[in-house]
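Undergrad: Got a predicted model here, sequence first, then my questions.
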Amino acid sequence: MRFSRQILLLQVGVVVLMLGLGLALVTWQLRTTLNEQYGQRALAIARSVAVDPVVIAEVAAKRPGGELERRSKDVTSRTDSLFVVITDDQEIRLAHPDEKLIGQRVSTSAKEALAGNDVVSAVQEGTRGLSVRSKTPIRTAEGRVVGEVSVGFTVADPTEDFNRLLTTTLLFAGGALLLGVGASALLNRRLRRVTHGLEPQELSELLYEREAVLHGIGEGVLAVDASNRVSVRNEEAERLLSISLPLNAELSSLDLSPRLRKALDEGLPVDNLLAVAGNRVLVINSRAVVRDDHVIGTVLTFRDRTDLDTLSRELDGIRALSDGLRAQRHEFSNRLHTLSGLLQLGHTSEAVEYLQTITESAGNISTEASEAVSDPYLQALLVAKTEQAQEKGMTLRVSDDSWVPASVTDPVAVNTVVGNLVDNALHAARMGPRRPATVEIALLADGDTLHVSVVDSGPGVAPELRDRLFDEGVSTKLSPGHGLGLALARQAARARGGDVWLANPGDEESGALFVAALPGMLSTGRAEG
């Protein structure tokens with residue numbers, strides 16, 4: 001069901017509900033009011049009979065029928081009441097429309113009236129049927145209660161009045177319902193016209209698409225309406241123009257370049273217009289937005305020409321890097337050929353010396369790693385990561401307090417954890433502001449548990465990433481395909497009863513500190529050298 005039809009049905013339902021509640025309230029009030037009115041009328045008649053001197057005398061003398069019967073029938077006929085009943089102080093009828101019941105006790109209690117109180121609007125079932133009745137005491141001149149008078153009207157009397165009033169009320173309610181339905185239909189029609197027949201989910205999708213397009217492109221976008229007021233803009237437009245672009249701001253109040261203002265004022269299509277904005281030279285394109293043959297605004301896009309120059313320089317750099325790599329490949333091939341020749345000729349010592357020369361400090365690195373770590377897998381990993389750091393102009397060192405005399409029982413899991421922590425630290429150190437960029441790793445054996453801590457000189461972990469740093473896909477690297485290293489390290493550690501966590505997010509003095517505990521990863525005996 002379309003949203004506009006749901007709104008129409010909802011509005012009609014609300015109108016019907018409110019009318020129903022109002023009608024129920026009016027019905028209850030009408031019935032209560034009519035019963036009260038007939039009760040008050042019956043009480044007034046009863047009081048007029050109770051103060052009649054003849055009635056008082058007859059009742060005090062307890063003489064049934066006779067004058068009391070005549071007077072009660074006369075009042076009944078004159079007031080169109082159902083009955084007028086007179087009793088003594090023992091609830092014995094002295095006057096009744098049915099003369100055969102005179103001398104008998106009344107069918108409904110008269111104790112309240114005989115106690116000196118009025119009974120008003122009591123709906124009771126008596127010998128004359130269901131009626132609305134009121135009762136009042138009969139008092140002598142001395143104030144003594146000698147009897148009571150009961151006057152009633154048949155329930156049909158207030159019911160007839162109630163039905164008549166209810167019919168009028170229903171007519172008004174029906175008119176109000178028709179008016180409400182008509183107003184809801186007009187509102188629904190207006191809603192469809194304003195939203196162009198789009199459903200709420202479609203409007204939401206349009207909003208999401210607009211935000212995605214507006215903020216997801218690398219160009220500045222500025223749209224103005226027919227009154228030259230800013231209606232749409234993105235952050236890139238403000239950055240390129242170097243000014244703030246508040247929504248609904250008039251263009252006359254903005255500090256725009258003359259050529260840009262002219263392009264906006266004329267509203268003509270513009271292609272690749274060069275304009276100066278601050279320290280930037282922008283390439284501007286504009287198009288008028290036309291609807292029903294009326295121009296309703298203009299949309300402009302901005303590109304920074306400096307970006308084009310940057311791309312050209314990057315392309316030149318990539319070309320130079322490609323040439324350098326090609327040269328290095330030839331040089332590396334020559335070194336391998338030389339090394340192969342020395343080995344084939346049996347000059348082993350010369351080959352080792354040559355190999356150590358071309359790898360610079362590889363021997364020193366291996367010695368430093370072997371002094372702290374006995375396991376060959378960890379030694380090889382540390383040597384490889386140290387060389388990788390040196391190639392990138394960084395330093396990876398093993399802390400002085402590192403000591404792992406045992407061999408590793410699960411090299412794959414250990415290398416996964418240690419390798420990913422080191423790679424993450426090397427990236428952070430390289431991207432950080434501190435120089436020289438360094439990473440320090442500490443390895444310590446505690447029984448069969450291997451403790452690892454890695455600290456870098458990077459900028460630390462941003463507050464918004466600390467709680468989800470180990471989630472898959474979360475990374476500070478800009479290029480795609482990252483965000484798995486820390487997640488894999490933690491997964492490998494927890495799968496074996498250990499864990500990896502961020503011990504210190506970093507501050508102004510040092511970068512982030514990651515710690516790992518890997519139980520059961522070391523043999524109980526010392527590793528053989």
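TA: That came in fine, so what should we check first? Numbers count the residues shown, from 1 in each chain.

Undergrad: who does the top helix by length along the chain touch, helix- and strand-wise?
TA: If you go by DSSP state H, the chain has its longest helix at helix 3-50. Using 3 or more Cβ pairs under 8 Å, 6 or more residues apart in numbering; DSSP states H and E, the elements in contact with helix 3-50 are helix 66-79, strand 83-88, strand 119-126, strand 129-139, strand 145-154, helix 156-194. All C-beta atoms are positioned from the backbone trio N, CA, C, and that covers glycine.

Undergrad: May I see those arranged in CSV, with mean pLDDT as well?
TA: Shown next, in CSV, are those (pLDDT from 0 to 100):
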stretch, mean pLDDT
helix 66-79, 87
strand 83-88, 90
strand 119-126, 78
strand 129-139, 85
strand 145-154, 89
helix 156-194, 75
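
Undergrad: mind putting these in a markdown table, distance to Q356 and mean neighbour count included?
TA: Shown next, in a markdown table, are those (distance: least, Cβ to Cβ, whole Å; neighbours: other Cβ atoms under 10 Å):
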| stretch | distance to Q356 | mean neighbour count |
| --- | --- | --- |
| helix 66-79 | 133 | 16 |
| strand 83-88 | 132 | 26 |
| strand 119-126 | 117 | 17 |
| strand 129-139 | 121 | 23 |
| strand 145-154 | 125 | 25 |
| helix 156-194 | 80 | 14 |
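
Undergrad: now the ones you listed as JSON lines including distance to L9?
TA: What follows is these, written out as JSON lines (distance: least, Cβ to Cβ, whole Å):
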{"stretch": "helix 66-79", "distance to L9": "53"}
{"stretch": "strand 83-88", "distance to L9": "53"}
{"stretch": "strand 119-126", "distance to L9": "41"}
{"stretch": "strand 129-139", "distance to L9": "43"}
{"stretch": "strand 145-154", "distance to L9": "45"}
{"stretch": "helix 156-194", "distance to L9": "9"}
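
Undergrad: R397 should be in a helix, yeah?
TA: No: judged by DSSP: H, G, I helix; E, B strand; the rest coil, R397 forms no part of a helix; its state is strand.

Undergrad: can you tell me which helix or strand R468 belongs to?
TA: Assigned by DSSP states H and E, R468 falls within no helix or strand.

Undergrad: Distance of the residue nearest to the spatial centre of the chain relative to N234?
TA: The centroid of the chain falls nearest to S204 when counting by Cα atoms, centre = their mean (14.4 Å). Distance, S204 to N234, using Cβ to Cβ, to the nearest Å: 20 Å.

Undergrad: next one: I45
TA: 86 Å.

Undergrad: ok, now T386?
TA: 46 Å.

Undergrad: of these two, who's got more company?
TA: For T386 versus N234, neighbours defined as other Cβ atoms under 10 Å are more numerous around T386 (25 against 21).

Undergrad: Can I take it that that one is in a helix?
TA: Yes: counting by three-state DSSP, T386 falls inside a helix.

Undergrad: I figured it hits L396, correct?
TA: Yes: between T386 and L396 there is a contact under Cβ atoms under 8 Å: 4.7 Å.

Undergrad: Now for those two: what residues contact both?
TA: Common neighbours of T386 and L396 are not found (criterion: Cβ atoms under 8 Å, 6 or more residues apart in numbering).

Undergrad: Good, we can wrap up now.
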